[in-house]
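Enquirer: Got a predicted structure here, sequence first:
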Amino acid sequence: MPVDVDYLVVGAGVVGLSTAYHLKLMNPNARVLVVEKEAAPGAGDTGKSMAAFRVIFTSRISSLLARSTISYYSDVEKRGFSLGMTWAGYLFVVDEEMRGHVERGLRMLGEGGEWEWVEPGLLEEKLNMRVKVSGLEEAEIIGASDVVGGVLVRKAGFLDADRVVEHYFKEARKLGVEFMFEAPVDRLNLEPRTSPLGVEGEPFPWQAPRVGGAKLAGGVEVRVRRKTVMAAGVWANRLLNPIGIDTFTRPKKRQVFRIPARGRLGELLKKGDLTGSGSPPLIILPRKVLVRPAVREGSFWIQLSDELGRPYTLEEPPAAEDSYYNLSIHPVLALYMPDFEGVYPAGGWAGHYDVSFDGNPIVYEPYSSDLIVAGGTSGSGIMKADGIGRVAAGLALGFEEVELYTGEKFRVSWLGLEGRLCEREQLIL
Ligand SMILES: Cc1cc2nc3c(=O)[nH]c(=O)nc-3n(C[C@H](O)[C@H](O)[C@H](O)COP(=O)(O)OP(=O)(O)OC[C@H]3O[C@@H](n4cnc5c(N)ncnc54)[C@H](O)[C@@H]3O)c2cc1C
């Protein structure tokens, strides 16, 4: 028996969940179905993230999306549902080499980019950071220079991505959104917009084809009266490319290494707080090594996004590579933060960034196909999901404009291909 719905959302990651929730909120009488290949929501890249958030972006559009999403999350917490938000801040550690670029960089941070300068002495005292590295053999090998200070952005921190998933899932279900798990879409169905002829080879181009539904792996056919929203993250092109649609995004593997905070690192976790949040900040070391404290878990998560040399491929399942930590991360980490010297991960995980051509999300409907692509989150989808969901839902409902949680009017075309209003995002971590 085919399932008939008004809107089909493919993928129950944070983007699909937020989209389904907003779709149903904006159009309560519509039947909205989310299909997900895994057994639970958030099991794709959403569950692999470091779940850090910030409002600073070099692109105004990304900043708007993040600001409104974070404001929404804060209010969810105020209403009593904890998302584990910790306002620990982001600390950009500045070395001699970067000193000259800092002012320009800070100007680019745009709205919400309030920051304060942290003297090297405080980095030494609170974070046991080694600020004078010149003269050390390791520093020479890496080409590292002395730390001249840090830039602390307070309106930032991290949260619990699983709780964000739980929030949208719970609220969407309450509104009546339906879900099917372990229900991978095998293919998208094209159908004629005009009356079908029952002829082999339909739909022909003159029949103005549309995406009329999907076939699930178990054989179930889902028929869609209005729109299908493709929110399958890095897997979306697998379903879209065969029918001539592109997401204009590509997957890049990203790895996280978990280091238990024992001994010196345990002390660091306790004393490194710079904002009164109870946690050290997310530290961005020179060469972009990220140190993300996980206080409740008693560990540090370490990440480094390599660009040149890292291929655009979808690895399944993606795995963290020991050698990547040992050779690419540890030398920089141990140099600036000697507490990590000789310390190696107790595990790790990997996922992919869904990288768009300008580093901003993409939401568009190609060829009037009744299919909406919602992706391209480029490594910051958790912190922008509420905004992206509103835009995708608005486009599916035919609106030209939606209202973000913070009240700004946002034209849906700003995330599209025509009418796109996105400067290249330069702060992708
Ligand atoms: C290592 C790492 C660190 C990150 N750190 C941060 C961070 O600090 N802050 C931040 O904001 N963002 C971060 N991100 C990015 C963030 O995780 C993503 O932007 C976000 O999760 C994307 O959500 P999504 O819903 O588009 O994709 P996903 O969560 O991947 O959801 C897509 C869903 O579609 C499902 N699916 C795929 N194919 C099919 C099919 N054929 N049928 C049915 N279902 C299907 C998948 O199973 C998946 O559940 C990080 C990502 C990684 C990998």
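Expert: Done, it's in. Numbering: from 1, shown residues only.
Enquirer: Any idea which helix or strand in the chain has the lowest mean pLDDT?
Expert: Every helix and strand of the chain was ranked by mean pLDDT, DSSP states H and E. The lowest is helix 96-108, at a mean of 73.
Enquirer: and that helix, how far out from the chain's middle?
Expert: The chain centre lies 25 Å from the centre of helix 96-108; the measure is C-alpha atoms, centre = their mean, to the nearest Å.
Enquirer: Show me what it is in contact with.
Expert: Outside helix 96-108, the residues that touch it by C-beta atoms under 8 Å, 6 or more residues apart in numbering are 58, 94, 113, 115, 145-146, 148, 151, 286, 426-427. The C-beta positions use only the backbone N, C-alpha and C, and glycine is treated the same way.
Enquirer: hmm, try it at 6 Å
Expert: Helix 96-108 is touched from outside by 58, 94, 145-146, 148, with contacts defined as C-beta atoms under 6 Å, 6 or more residues apart in numbering.
Enquirer: how near is Ala392 to the ligand?
Expert: 10 Å (C-beta to the nearest ligand atom, to the nearest Å).
Enquirer: oh, I was asking about Phe248
Expert: Distance of Phe248 to the ligand, given as C-beta to the nearest ligand atom: 14 Å.
Enquirer: Can you get me a residue count around that residue?
Expert: Applying other C-beta atoms under 10 Å, we find 17 residues neighbouring Phe248.
Enquirer: quick one, what contacts it?
Expert: Shown in contact with Phe248 (C-beta under 6 Å, 6+ apart): 357, 362.
Enquirer: One more pass at 7 Å, please.
Expert: Shown in contact with Phe248 (C-beta atoms under 7 Å, 6 or more residues apart in numbering): 356-357, 362, 376.
Enquirer: between these, which has the most around it?
Expert: Neighbour max across the contacts of Phe248 (other C-beta under 10 Å) = Gly376, 28 neighbours.
Enquirer: excluding its backbone neighbours, what's nearest it?
Expert: Nearest residue to Gly376 in three dimensions, chain neighbours excluded: Ser356, at 3.2 Å (C-beta to C-beta, 6 or more residues apart in numbering).
Enquirer: got it, and Asp386?
Expert: Nearest one to Asp386, counting by C-beta to C-beta, 6+ apart, is Thr69 at 4.0 Å.
Enquirer: The one you found should be in a helix, yeah?
Expert: Yes: read with DSSP: H, G, I helix; E, B strand; the rest coil, Thr69 is one of the residues of a helix.
Enquirer: Next, the contact list for it, please.
Expert: Neighbour list for Thr69: 383-387 [criterion: C-beta under 7 Å, 6+ apart].
Enquirer: So the one residue in the stretch 301-429 of the chain that gets nearest to the ligand versus Asp186, what's the distance?
Expert: Nearest to the ligand in the stretch 301-429 of the chain, going by C-beta to the nearest ligand atom, is Gly381, at a distance of 2.2 Å. Separation of Gly381 from Asp186 (C-beta to C-beta, to the nearest Å): 25 Å.
Enquirer: of the two, who's got more company?
Expert: Remark: of Gly381 and Asp186, Gly381 carries more neighbours, 27 against 13, as counted by other C-beta under 10 Å.
Enquirer: ok, the more buried one touching Leu17?
Expert: No: here Gly381 does not reach Leu17: they are 11.1 Å apart, not a contact under C-beta atoms under 7 Å.
Enquirer: joint contacts of these two?
Expert: Taking C-beta under 7 Å, 6+ apart as the contact criterion, no residue touches both Gly381 and Leu17.
Enquirer: Helices of the stretch 51-200 of the chain, start to end?
Expert: For the stretch 51-200 of the chain, the helices defined by DSSP state H, counting those that start in this stretch cover 60-78, 96-108, 120-127, 137-142, 161-175.
Enquirer: what does the chain have sitting close to the ligand?
Expert: With C-beta under 6 Å from any ligand atom as the criterion, the chain meets the ligand at residues 10-16, 35-38, 43-46, 48-52, 184-185, 231-233, 235, 239, 254, 256, 351-354, 375, 377, 379-383.
Enquirer: Break down the stretch 101-250 of the chain into its strands, ranges please.
Expert: For the stretch 101-250 of the chain, applying DSSP state E, counting those that start in this stretch gives strands covering 116-118, 147-153, 156-158, 178-180, 185-191, 210-216, 221-230, 249-260.
Enquirer: which of these sits most buried?
Expert: Most buried of the strands of the stretch 101-250 of the chain by mean neighbour count (mean count of other C-beta atoms under 10 Å) is strand 156-158; its value is a mean of 25.
Enquirer: Would you pull up how far that one lies from the middle of the chain?
Expert: Distance, centroid of strand 156-158 to centroid of chain: 14 Å (C-alpha atoms, centre = their mean).
Enquirer: excluding its backbone neighbours, what's nearest Arg424?
Expert: With sequence-adjacent residues excluded and distances taken as C-beta to C-beta, 6+ apart, Arg424 is closest to Asp358, at 4.7 Å.
Enquirer: pretty sure that neighbour is touching Ile428, no?
Expert: No: between Asp358 and Ile428 there is no contact under C-beta under 7 Å: 10.4 Å.
Enquirer: can I assume Gly348 sits in a strand?
Expert: Yes: Gly348: assigned to a strand according to three-state DSSP.
Enquirer: which ones are touching Gln255?
Expert: Shown in contact with Gln255 (C-beta under 7 Å, 6+ apart): 303, 320-321, 324, 348, 350.
Enquirer: now do 8 Å
Expert: If you count contacts by C-beta under 8 Å, 6+ apart, Gln255 has them with 303-304, 318, 320-321, 324-325, 348-350.
Enquirer: again, but for Glu408
Expert: Contacts of Glu408 (C-beta under 8 Å, 6+ apart): 64, 68.
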